[in-house]
Each structure stands twice: as C-alpha cells, then as structure tokens.
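J.: Quick one: sequence and predicted model below, then my questions.
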Amino acid sequence: MLRWTPSKCLSLAFSLVILAPMTQAGGPNAFFDNFNNGCASNCLADTWNGWSIQSNVGGVDGASPNNWFVSCSEEGILPPGCGSSCIGDASLHIGSDPGGGGDMGADFNETGAINATYKRVVSPVISTVGRSNLVLSFDFIAFGSAACSDDRAQLQLSTDGGATWPVGFHYCLTSTCCGACNGYSQGQWTRYLLSLPAAFNNNPNVRVGFHWRNNGNGSGTNPSVAIDDIRLGGGEIDVSITKTNDAAQLVPGSTVTYTIVAKKLWEPFSSDVYNLTVADTFPAGLEQCSTTCTTIGGATCTAGPFSGNINDTINLPNFFAHPGYSAATYTSVCTVSATAIGSIANTATVTVTQFDNDTDLSNNTATDTDPIVADVLLRDGFEGTP
Ligand SMILES: [Ca+2]
Ligand SMILES: [Ca+2]
Ligand SMILES: [Ca+2]
Ligand SMILES: [Ca+2]
C-alpha cells in the first residue's frame, strides 16, 4: 500500500483562529478563500464555504476512493516553502478516505482499482460583474505519479455556473518538490497565476474547480495536490501613498497642512482596484484636523470636509489617459498642539483588499516627521522659514 506521511501527525494539540472568508460591500469584488476552517483532519471539502464535491468525473471511482478535504493536516504554506503537517493554516487537498487511513494531508491511496478516484471539487458561483482583466491566483503543491497524466490534478473553470467545464479551460497543475518528487519529499509550495480569458469578464456565473484523478493501477507518487489562498480578482497590482506637509519643523499653536496622495499608475493589462482603505490616525500633537479629498483619473473618495482621523474607502482605476494614473488626494489641516514637544510623526497607509495582490508593500506607508520648535525662534527673525 502506498502510504506517505513524513511528519504528518494526527494527535496535535493546538488552538486555531477561524478566519472566515469575507465579502466586501460597496463595489465589485470577486472571490477569496483561505480555507481556514479550524479543522485538523478529516473535514470533507463540501462542508466548507459553499464548495461541493462531484464524483465519477472523467472516470468511475473505486469502492474506496480518495477525497477532497479542507483541513490543516496539509498546512497552507507561503511559497516557496516546503510542505508541512498541521501548524494551524488549513488547505484544500486530496487525502485518503477514512477506510484508507483518513485525511493525513496531501497524500493518496493507490493500492489498486479500489482506490481509483475521479473527483472534482467546485467553488460556489462567483460573480465578476463589473470586473475585467481578472486574474486567478492560488498557492499549491501538486504532483501525482506523472504530473499531468496518470495521477494528476487539474484546474478546471466554468463560465456557466458549472453546467459545462470546457476542455479549453483545463490547466495542468504540477509543482516541484523539496528534493526529488519520489514520494518521500515534501511538495514545494508554488504560486499559480492565470490571466482569465475574456469570457470571465463581467460574468455572474463563474465557478472554479479542481479535478483529481488517480487511475487505480497500484502505482502512484505523493504528494497528491493541495490548494490555499485562492483569489479571483485584480491580480498583481501596485498602489502607493505619499505624504508631506511642506514643512521641516512645526511650531506649537500653528496650523499645518498635510497632503496625502494615494495613487495607482497606469500599467498595461493591469486592473482597476476597488475598496482600498486609506487611513491616517493623527498623533496627539495634532488637533482639530479637518480633511477634504479630491480625485483624478476616475478615482473615488469621500469629499468631506470631515473631522478627525482618516479611514476612507476609495477606488483607484487603471487610468490610461493623461495623467496616466488615478489618485485620491487628501488635504488635512490641523493645529499643532500648544503643548507639543519633541517631534510629530504622522503616518498614512493605503491597503488593498484580499481580492488584490499588491506586489510592493514598501510604498503603502508614508510618514512625515518634523521637530517641534519653540515659537521664540520666530521672534528671532525666522518667520517664513518653511
Ligand atoms: Ca489556509
Ligand atoms: Ca496511478
Ligand atoms: Ca515635514
Ligand atoms: Ca504598493
């Protein structure tokens, strides 16, 4: 019996934070699932978040087929990490049925015809209405016995709610292993990225499926397949934020104006970015802050004026025409506290939702820091110094 369980452990003591998948209100979204169901082992995939399991797809299951599970018996690992037993981040994967040892991670039984498996796991219906240039991404390990032939995983997509799964939308899944893919090495987690064909744009009936088959010939090689952090949305984008007050020092009791710009440069084949969050929590040394917002390139934000901290939801389209970007510009006028001493550091951030991948997080935070200077300097003739 083929049985491969390096560092798999079923008697784990751990606590899990259940991170339910979220849906955003107020703008076009698509789909995200982290599969974090809090299950250590043996939870079938059709008990989670609207996923379903279809049997006898492309063949006939044996009496003891393998099956799709959602659990952390195969840990969801950030690429390019190596496969692991449970730490606490569940994945979607093919494991053995309870009669064949149960869900022990991404490994499968292939003793003979009894274990033949032809099963597709299918997402709930996903709406992409209002979206185009979509990207499907997920992290995975997959090998089987011969990658894309005998025992193998395949991504399959549907544009009609699952009524059909056209061959043109079938994609082989194969990753490398941490060492030789000989059944004794862990899989190496890999990021899968697919730009979806136009048929998936603005479509209320998209479904994502993963098909696994092992042919029951008594020969196979682990790992089977595992999936995590699946995202159907804007794909890889880069948004940024800048912040300045055009001043190198601050005087207690004076007025200071901060300009905060959240921006997306136009990029070919990139996507509009929806429901970003711009946040600025003003430090104690800044009082009575009032903010307005203006936009360019089709962006949206809250015009204001509003008082207090900034915590705004905005959209940044992929805007081609002049000026070649979209942006939301906040102007915040604050009073420097009369008792402020030392320095004032004011930080603004821009955050994308889980439906988008921001490829450069280093430009998503901007801070302007200035020393506080006593106004006696002004009386000494430094008026007008910026
Ligand atoms: Ca996960
Ligand atoms: Ca086989
Ligand atoms: Ca400054
Ligand atoms: Ca960025």
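T.: Looks like it arrived, so ask away. Numbers count the residues shown, from 1 in each chain. Ligands and ions are numbered 1, 2, ... in the order given.

J.: who's in contact with the residue lying closest to residue 59 once chain neighbours are set aside?
T.: In this structure, residue 59 finds its nearest non-sequential neighbour in residue 118, 3.6 Å apart by C-beta to C-beta, 6 or more residues apart in numbering. All C-beta spots, glycine's among them, are computed from the backbone N, C-alpha and C. Residue 118 is in contact with 55-61, 65, 211-213, counting by C-beta atoms under 8 Å, 6 or more residues apart in numbering.

J.: any chance of these in CSV, with distance to ligand 1, secondary structure and neighbour count too?
T.: Below are those laid out as CSV (distance: C-beta to the ion, whole Å; DSSP: H, G, I helix; E, B strand; the rest coil; neighbours: other C-beta atoms under 10 Å):
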residue, distance to ligand 1, secondary structure, neighbour count
55, 25, coil, 13
56, 28, coil, 12
57, 25, coil, 19
58, 27, coil, 12
59, 29, coil, 15
60, 32, coil, 13
61, 27, coil, 20
65, 24, coil, 26
211, 21, strand, 21
212, 18, strand, 26
213, 24, strand, 24
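
J.: so which of these comes closest to residue 174?
T.: Checking these against residue 174 by C-beta to C-beta gives residue 212 as the nearest, at 12.8 Å.

J.: hang on, that closest one packs against residue 223?
T.: No: Residue 212 is beyond contact range of residue 223, at 11.5 Å (criterion: C-beta atoms under 8 Å).

J.: Stretch 74-83 close to ligand 1?
T.: Yes: using C-beta under 5 Å from the ion, stretch 74-83 reaches ligand 1 at residue 76.

J.: Any chance you could list what contacts that stretch?
T.: Against stretch 74-83 from outside (C-beta under 8 Å, 6+ apart): 34-36, 84-91, 93, 95, 105-106, 139, 141, 178, 186-191, 223, 226, 228-229.

J.: Give me the subset of the residues you listed lying in strands.
T.: 91, 93, 95, 139, 141, 190-191, 226, 228-229 (DSSP state E).

J.: With pLDDT added, can I get the contacts of residue 118 in CSV?
T.: What follows is these, written out as CSV (pLDDT from 0 to 100):
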residue, pLDDT
55, 98
56, 98
57, 98
58, 96
59, 96
60, 97
61, 97
65, 96
211, 98
212, 97
213, 96
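
J.: now the strands for the stretch 201-350 of the chain?
T.: 207-214, 225-233, 235-237, 240-244, 255-265, 273-280, 286-296, 306-307, 310-316, 325-336, 343-351 (DSSP state E, counting those that start in this stretch).

J.: okay, these, which one's buried deepest?
T.: strand 225-233 (a mean of 26; mean count of other C-beta atoms under 10 Å).

J.: Tell me if that one is near ligand 1.
T.: Yes: Strand 225-233 reaches ligand 1 (C-beta under 5 Å from the ion) through residue 228.

J.: re the thing from before, you'd agree the residue nearest to residue 59 is in a helix?
T.: No: according to DSSP: H, G, I helix; E, B strand; the rest coil, the state of residue 118 is strand, so it is not within a helix.

J.: what pairs with it across the strands?
T.: residue 213 (DSSP bridges).

J.: Which pLDDT value goes with it?
T.: pLDDT for residue 118: 98.

J.: and it, how far is that from ligand 4?
T.: 43 Å (C-beta to the ion, to the nearest Å).

J.: Could you do residue 92 as well?
T.: Counting by C-beta to the ion, the gap from residue 92 to ligand 4 is 29 Å.

J.: Give me the neighbour count for that residue.
T.: 28 (other C-beta atoms under 10 Å).

J.: tell me the contacts of it?
T.: Counting by C-beta under 8 Å, 6+ apart, residue 92 has contacts 35, 45, 51, 68-70, 121, 210, 226-228, 230.

J.: Now do the same for it: its pLDDT.
T.: 98.

J.: ok, for it, nearest residue in space, not its chain neighbours?
T.: Using C-beta to C-beta, 6+ apart, the closest residue to residue 92 is residue 227 (4.4 Å).

J.: same question, residue 134
T.: Using C-beta to C-beta, 6+ apart, the closest residue to residue 134 is residue 196 (4.4 Å).

J.: Double-check the one you found against residue 132; I have them as touching.
T.: No: counting by C-beta under 8 Å, residue 196 does not reach residue 132; the two are 9.4 Å apart.

J.: mind giving me the domain ranges of this structure?
T.: Annotated domains of the chain cover 31-233, 236-382 [automatic domain parsing].

J.: before we move on, back to that, now for the contacts of residue 92: which two are most distant?
T.: Pairwise distances across the contacts of residue 92 (C-beta to C-beta) peak at 15.4 Å, for the pair 69 and 230.

J.: Please name the residues that touch residue 195.
T.: The contact partners of residue 195, by C-beta under 8 Å, 6+ apart, come to 133-135, 235, 269.

J.: Then residue 165?
T.: 120, 156-158, 209.

J.: so it, which of the three states?
T.: coil.
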